[in-house]
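Chemist: From the sequence below, what's the structure:
(one chain, ligands or ions: 1)
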Amino acid sequence: MTTPVLHTGPAADALDGLSVGDALGAQFFVPETARAHLAARTEPSGPWPWTDDTEMACSVYAAHSERGAIDGFDLTYAFALRHDFDRGYGPAANRLLRLIREGGDAGRLAAELFDGQGSYGNGAAMRVAPLGAAYAADPEAVVRPAADTALITHTHPQAVDGAIAVAVAAAYAVRARTRPVTPERFLESVADLTPDGPVRDGLAEARELLAQPDFRVAAQVLGNGSRTSAADTVPYALWCAARNLADYRTALWEAIAAGGDMDTVAAITGGVVAAHTGTGGIPRAWLAAREPLPGWTFPEPGGVRAGGEPHLAPISLPRPYPVPDLVWSDGRWERIRRGLGPREADGRWVSYTSGGVLHLHRGTDGREIWRVRVGRVKGGWRPVSALVEADPGHLRGRDDHGLLRDALEAAEPGRDARGYGLRP
Ligand SMILES: [Mg+2]
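Modeler: As a prediction, the model looks like this:
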């Protein structure tokens, strides 16, 4: 028996590869640094701060490992609350994430971008390789969660397709650890699971160009991300990865030396290649030069309850119920969001959240009594609507508003009776 070690494995490898690529690529936006180092393929001295690509990829990684699945509501607010203006986000992303943080309607705001066509940028593709690497057993199964992570900020089909292609590529890259694959077959497998459109067309072109000895020529045809669209970024990044799946260093130099959106191309290439090589394939000096990843990237795996246990029965007859007027702090919602298992619940309530809905089940028989939708407001969170079990066979007692308030009080693991930012 070996002691289980947390946060190792293909998804963590991909996150290392992605963040090193992002941080190294971002070094080359200073022209003098770029010229000297690119000519000799020597890396600049550290530390290399990472950018928006890594910040968002850490959120994707954390969201997936805490739940074992992607929850769109949780990931939306993870992106928005961790958004650091100084990490090189584009102007549209900066505005979008700030408005979501302040309580704006996330779905509507994302769909309104770019005159209502939604963003077709490479921002959904740049952050998704760690998710893909978790799906090596079944690459097809990552298509839907990859699309879910994309749609939070990028509603244009091209951006979604870019995220699907990169996630699938990472899954196949892990799989190639035990089932070797040719570069042709690798790109073909990725294209097979990518919906029809410019990204898939670009992957077909990339496959045609695999024999091209000069990466500059390939980048000229496929695009190097200088237009920051998914179709202008993903095919070249995956061309670099396909040709150098076992050679992180060469893959990264080709990704960066073509110019364009260097941090993002290198983040995508690096995430996919490290999904194959493992973190051990990344030059040690490069890992050491990369700014450390934030501590929140590594939550307790499975620390957020996903619900769905067979003994939990849903509400049988739902009826609207008035919600108490209260606002939770970020810290308080964070604890409620994790849910209460039978052990912590002390026999009273078992709870879990899904898509921003808090499900409260009676601990004694597993019956769902309340279902509470939660919304973001500036500076906190509040219950916005609720349903109660109305079948008289299941719920008896006073029909006053205090019942739900009490249940919500009890829904916080390790709660302190004084409350956290609770307003009367
Ligand atoms: Mg960036």
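Chemist: For the stretch 251-400 of the chain, what lies in contact range of the ion?
Modeler: Applying Cβ under 5 Å from the ion, one finds that the stretch 251-400 of the chain approaches the ion through residue 263. (C-beta placed from N, C-alpha, C; glycine too.)
Chemist: Would you state the helices of the stretch 251-400 of the chain in chain order?
Modeler: Applying DSSP state H, counting those that start in this stretch to the stretch 251-400 of the chain gives helices spanning 262-277, 284-289, 330-338, 342-345.
Chemist: just those helices: most buried one?
Modeler: Each of those was given a mean neighbour count from mean count of other Cβ atoms under 10 Å, and the largest, a mean of 32, is that of helix 262-277.
Chemist: Contact partners for the closest residue to the ion within the stretch 151-300 of the chain?
Modeler: In the stretch 151-300 of the chain, the residue that lies nearest the ion is residue 263 (4.2 Å; Cβ to the ion). Neighbouring residues of residue 263 by Cβ atoms under 8 Å, 6 or more residues apart in numbering: 21, 22, 23, 25, 26, 29, 51, 53, 88.
Chemist: how much space between it and residue 145?
Modeler: From residue 263 over to residue 145 the distance is 24 Å, taken as Cβ to Cβ, to the nearest Å.
Chemist: what's the answer for residue 249, then?
Modeler: Using Cβ to Cβ, residue 249 is found at 30 Å from residue 145.
Chemist: Can you pull the phi and psi angles for the residue of the stretch 51-200 of the chain found nearest the ion?
Modeler: Residue nearest to the ion within the stretch 51-200 of the chain: residue 51 (3.3 Å; Cβ to the ion). Dihedral pair for residue 51: phi -120, psi -160, per degrees, to the nearest 10.
Chemist: What sits closest to it if chain neighbours are left out?
Modeler: Leaving out its chain neighbours, the residue that sits closest to residue 51 by Cβ to Cβ, 6 or more residues apart in numbering is residue 88, at 4.1 Å.
Chemist: Assign residue 250 to helix, strand or coil.
Modeler: Per DSSP: H, G, I helix; E, B strand; the rest coil, the secondary structure class of residue 250 is helix.
Chemist: Need the contact partners of whatever helix or strand residue 220 lives in.
Modeler: For residue 220, the host element (DSSP states H and E) is helix 215-222. For helix 215-222, contacts defined as Cβ under 8 Å, 6+ apart pick out 202, 205-206, 209, 212, 235-236, 239-240, 254, 257-260.
Chemist: so what does the helix or strand that that helix is followed by touch, helix or strand wise?
Modeler: Under the assignment DSSP H and E, the closest C-terminal helix or strand after helix 215-222 is helix 234-243. In this structure, helix 234-243 packs against helix 157-175, helix 183-192, helix 198-208, helix 215-222, helix 248-257, helix 262-277, with contacts taken as 3 or more Cβ pairs under 8 Å, 6 or more residues apart in numbering; DSSP states H and E.
Chemist: could those helices be laid out in JSON lines, adding mean pLDDT?
Modeler: Formatted as JSON lines, the helices and strands packed on helix 234-243 follow (pLDDT from 0 to 100):
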{"stretch": "helix 157-175", "mean pLDDT": "98"}
{"stretch": "helix 183-192", "mean pLDDT": "98"}
{"stretch": "helix 198-208", "mean pLDDT": "98"}
{"stretch": "helix 215-222", "mean pLDDT": "97"}
{"stretch": "helix 248-257", "mean pLDDT": "96"}
{"stretch": "helix 262-277", "mean pLDDT": "98"}
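Chemist: Pick the most deeply packed of the ones you listed.
Modeler: Greatest average neighbour count among these goes to helix 262-277 (a mean of 32), per mean count of other Cβ under 10 Å.
Chemist: Between helix 215-222 and that one, find me the angle.
Modeler: Orientation check (axes from the mean of the first three to the mean of the last three Cα atoms, to 10 degrees): helix 262-277 against helix 215-222 gives 110 degrees.
Chemist: Just the angle for helix 262-277 relative to helix 183-192, thanks.
Modeler: The directions of helix 262-277 and helix 183-192 differ by 110 degrees, with the same axes, to 10 degrees as the criterion.
Chemist: So, low pLDDT: which residues of the stretch 51-200 of the chain?
Modeler: Residue ranges of the stretch 51-200 of the chain with pLDDT under 70: none are present.
Chemist: could you pull out the strands for it?
Modeler: Using DSSP state E, counting those that start in this stretch, no strands are found in the stretch 51-200 of the chain.
Chemist: Around the ion, which positions in it sit nearby?
Modeler: 51, 52, 53, 88.
Chemist: which of those sit farthest apart?
Modeler: Spatial extent of these (Cβ to Cβ) is set by the pair 53 and 88 at 8.4 Å.
Chemist: nearest residue to residue 198 other than its sequence neighbours?
Modeler: residue 231 (3.8 Å).
Chemist: oh sorry, the question was meant for residue 146
Modeler: In space, residue 146 is closest to residue 167, 3.7 Å off (Cβ to Cβ, 6+ apart).
Chemist: hang on, that neighbour packs against residue 130?
Modeler: No - contact criterion Cβ atoms under 8 Å: residue 167 and residue 130 do not qualify, at 9.1 Å.
Chemist: domains of this structure?
Modeler: The chain resolves into domains spanning 10-297, 318-410 when parsed by automatic domain parsing.
Chemist: what bits of the stretch 251-400 of the chain have low per-residue confidence?
Modeler: 345-347, 394-400.
Chemist: those strands in it, which residues are they?
Modeler: Using DSSP E, counting those that start in this stretch, the strands of the stretch 251-400 of the chain run over residues 318-321, 349-354, 357-362, 368-377, 380-389.
Chemist: out of those, which comes closest to residue 106?
Modeler: strand 368-377 (8.1 Å).
Chemist: Can you point out the buried residues in that closest one?
Modeler: Buried positions in strand 368-377, judged by neighbour count with 16 or more other Cβ atoms under 10 Å: 368, 369, 370, 371, 372, 373, 374, 376.
Chemist: what's the most distant pair in those residues?
Modeler: Pairwise over these, using Cβ to Cβ, the maximum falls at 369 and 376, 24.6 Å.
Chemist: quick one: residue 202 from residue 17, how far?
Modeler: In this view, residue 202 and residue 17 are 22 Å apart by Cβ to Cβ.
Chemist: One more: residue 183?
Modeler: Taking Cβ to Cβ as the measure, residue 183 falls 18 Å from residue 17.
Chemist: just the strands of the stretch 251-400 of the chain: most buried one?
Modeler: For the strands of the stretch 251-400 of the chain, where neighbours mean mean count of other Cβ under 10 Å, the stretch averaging the most is strand 349-354, with a mean of 24.
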